[in-house]
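Asks: Give me a model of this one.
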Amino acid sequence: MSLTNKILLGMLLGIAVGIGFNLLIVVDEASNLPATPLGVWLQTVVIDGVLDAVGQIFVASLKLLVVPLVFVSLVCGAMALGGHSRMGPLATKTLLFYMFTTALAIGLAMGVAALVQPGAGVDMAPLANYTTPASPSVKETFINIFPSNPVQAMAEGNMLQVIVFSILFGIAISRTGGEVGSSMKTFFEQLNEVVLKMMLLLMQLAPYGVFCLLAKLFASIGFSAIADLAKYFFTVLFVLLLHGLVVYGSLLKLFTGLSPVIFFKKMWKVAVFAFSTASSNATLPVTMRTVEHDLGVDNKISSFAVPLGATINMDGTAIMQGVATIFIAQVYGIEIGAAGYLTVILTATLASVGTAGVPSVGLVMLAMVLQSVGVPVEGIALIIGVDRLLDMVRTAVNVNGDAVVSVIVAKSEGMIDESRFHNMKLNAEVDPV
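Replies: Next up, the predicted model:
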């Protein structure tokens, strides 16, 4: 069995086992704790013990790779493009495409939410129990993009600052001639090979990590949480699928002429992994390898566009914000108006540039968006019960967006191997993870 099929099996078994545990654990309504010895044992030893420990070890092993992978791959990409006359236009094009798809996503989400009216008749009782997350201003977000201490940025995992430093460092190497420049290029190219090999070694943990993460999640989330917010939940889910399949597929066909069917067949394994981890950064090694190896995108493009997308391309998160803003405004009986809609689209698009690809960070971004149109941020408490499950789906949308933009930019620059893109046998024989 290939590693990808093992990951898929682990995901399905994790969901099934988690639902089984959730049904077995009888909760005392007064204390909100397990009411039977079996329930106590399952909750404390199995769910909060073994499953949580293995899941956290798996996520930690993935995070271990993120900073070195982004730094080394971006340095290599910037070295290759540093003396290239298209470096500036290529970077601008990539950034604008990411911002365009994000604005499109949130606009679509708000349009659907305005028609569906998911907030009609929702009880506001949970609001008193929620602590508002601290959110930076748009000005602070942009200032924080630029590092004052690159070592500190790497230690803290501040990916935008790491990206800026990596690109500058790579360009500097490309413009350093002689023996020094040549030896530095060789060093980083060899280091990139080592990091990728390390990635393949750690990916052997993936089936077990995915199983534990999903088993714990579904053991903790009962069906009642979804039932209480069914209209909101399925509105977000519908827009995510619409954007992730129809919009991305249309953009790919429009700008490249390539087959969306082939694209999604090659990316479904990455989407499964993104769904399991709920983190664009944790999925980054798999996304990069698939975009370059299976979709045929030149390393110069993939090593730049994919890490950048994992940090700033938050289409799935933008969709949640669009629907959630309309939902919370309807709960409070607040009319946003046309100007409010435009403000939300602009704020969410700009805020996505400063958002890290980690689980549930969208809730912090949502607080910024709600404040921009005068909607009480306490309303976030209404959606937090189902956000983790939706976070998994929108992460899958995000990574597909990273790959779509990478392919579009590569095609526009003539830097894609279309024979690799169309070669389905290549995808079947060489497992991308």
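Asks: all contacts plus neighbour counts: C-alpha atoms, from now on.
Replies: OK.
Asks: how much distance is there from stretch 373-393 to the middle of the chain?
Replies: 17 Å (Cα atoms, centre = their mean, to the nearest Å).
Asks: try stretch 293-312
Replies: That offset, for stretch 293-312, works out to 14 Å (Cα atoms, centre = their mean).
Asks: Show the low-confidence segments of the stretch 301-433 of the chain, by residue range.
Replies: 350-364, 385, 426-433 (pLDDT under 70).
Asks: where along it do the helices fall?
Replies: 315-332, 337-352, 362-372, 384-412, 418-422, 424-429 (DSSP state H, counting those that start in this stretch).
Asks: Relative to residue 221, which of these is closest?
Replies: Set against residue 221 and scored by Cα to Cα, these come closest in helix 384-412, at 8.0 Å.
Asks: residue closest to the middle of the chain?
Replies: Centroid-nearest residue in the chain: residue 280, 3.2 Å away (criterion: Cα atoms, centre = their mean).
Asks: wouldn't it be in contact with residue 274 here?
Replies: Yes. Using Cα atoms under 8 Å, residue 280 is in contact with residue 274, at 6.6 Å.
Asks: Need the overlap of contacts for those two.
Replies: Counting by Cα atoms under 8 Å, 6 or more residues apart in numbering, the shared contacts of residue 280 and residue 274 are 395, 399.
Asks: Which residues are in contact with residue 11?
Replies: 207, 210-211, 214, 276.
Asks: meant to ask about residue 421
Replies: The neighbourhood of residue 421, defined by Cα under 8 Å, 6+ apart, consists of 262-263, 294-296.
Asks: if we can go back for a sec, so which of the contacts of residue 11 sit within helices?
Replies: 207, 210-211, 214, 276 (DSSP state H).
Asks: Of these, which is the nearest to residue 75?
Replies: Scanning the ones in helices among the contacts of residue 11 for proximity to residue 75, where the rule is Cα to Cα, the winner is residue 276, at 29.1 Å.
Asks: I figured the closest one hits residue 391, correct?
Replies: No. With contact defined as Cα under 8 Å, residue 276 does not reach residue 391; the gap is 10.0 Å.
Asks: still on that earlier bit, so which of the contacts of residue 421 belong to helices?
Replies: Going by DSSP H, the helices hold 262-263 from the contacts of residue 421.
Asks: Quick one, which of the contacts of residue 421 are buried?
Replies: 263, 294-296 (16 or more other Cα atoms under 10 Å).
Asks: Poorly predicted segments of the stretch 101-250 of the chain, please.
Replies: For the stretch 101-250 of the chain (pLDDT under 70), the answer is 121-138, 141, 222-228.
Asks: For it, which segments count as helices?
Replies: 138-143, 150-156, 159-174, 178-202, 206-220, 223-228, 230-241, 248-256.
Asks: Which one of those lies nearest to residue 33?
Replies: Here helix 206-220 is closest among the helices of the stretch 101-250 of the chain (Cα to Cα), at 11.7 Å.
Asks: so what does the closest one touch, helix or strand wise?
Replies: helix 3-24, helix 52-81, helix 260-277 (3 or more Cα pairs under 8 Å, 6 or more residues apart in numbering; DSSP states H and E).
Asks: 7 Å - rerun?
Replies: Applying 3 or more Cα pairs under 7 Å, 6 or more residues apart in numbering; DSSP states H and E, one finds that helix 206-220 contacts helix 3-24, helix 52-81.
Asks: Now distance to residue 25 and mean neighbour count too, for the helices of the stretch 101-250 of the chain, in a markdown table please.
Replies: What follows is these, written out as a markdown table (distance: least, Cα to Cα, whole Å; neighbours: other Cα atoms under 10 Å):
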| stretch | distance to residue 25 | mean neighbour count |
| --- | --- | --- |
| helix 138-143 | 43 | 13 |
| helix 150-156 | 38 | 15 |
| helix 159-174 | 40 | 22 |
| helix 178-202 | 33 | 14 |
| helix 206-220 | 9 | 25 |
| helix 223-228 | 13 | 14 |
| helix 230-241 | 23 | 20 |
| helix 248-256 | 41 | 16 |
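Asks: mind putting those helices in JSON lines, distance to residue 286 included?
Replies: Below are the helices of the stretch 101-250 of the chain laid out as JSON lines (distance: least, Cα to Cα, whole Å):
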{"stretch": "helix 138-143", "distance to residue 286": "28"}
{"stretch": "helix 150-156", "distance to residue 286": "21"}
{"stretch": "helix 159-174", "distance to residue 286": "17"}
{"stretch": "helix 178-202", "distance to residue 286": "9"}
{"stretch": "helix 206-220", "distance to residue 286": "11"}
{"stretch": "helix 223-228", "distance to residue 286": "30"}
{"stretch": "helix 230-241", "distance to residue 286": "21"}
{"stretch": "helix 248-256", "distance to residue 286": "19"}
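Asks: who wins for proximity to residue 64 among the ones you listed?
Replies: Closest approach to residue 64 among these (Cα to Cα): helix 178-202, 9.6 Å.
Asks: Identify all contacting residues around the closest one.
Replies: 61, 65, 69, 72-73, 76, 173-174, 285, 433 (Cα atoms under 7 Å, 6 or more residues apart in numbering).
Asks: Closest one of these to residue 13?
Replies: For these, the nearest to residue 13 is residue 433 (19.7 Å; Cα to Cα).
Asks: What is the nearest of the contacts of residue 421 to residue 244?
Replies: Closest approach to residue 244 among the contacts of residue 421 (Cα to Cα): residue 263, at 12.0 Å.
Asks: Mind pulling the model confidence for the closest one?
Replies: At residue 263, the predicted lDDT confidence score is 95.
Asks: Against residue 201, how distant is it?
Replies: Distance of residue 263 to residue 201, given as Cα to Cα, to the nearest Å: 26 Å.
Asks: neighbours around residue 418, how many?
Replies: 14 (other Cα atoms under 10 Å).
Asks: Then residue 372?
Replies: Other residues near residue 372 come to 16 when the count uses other Cα under 10 Å.
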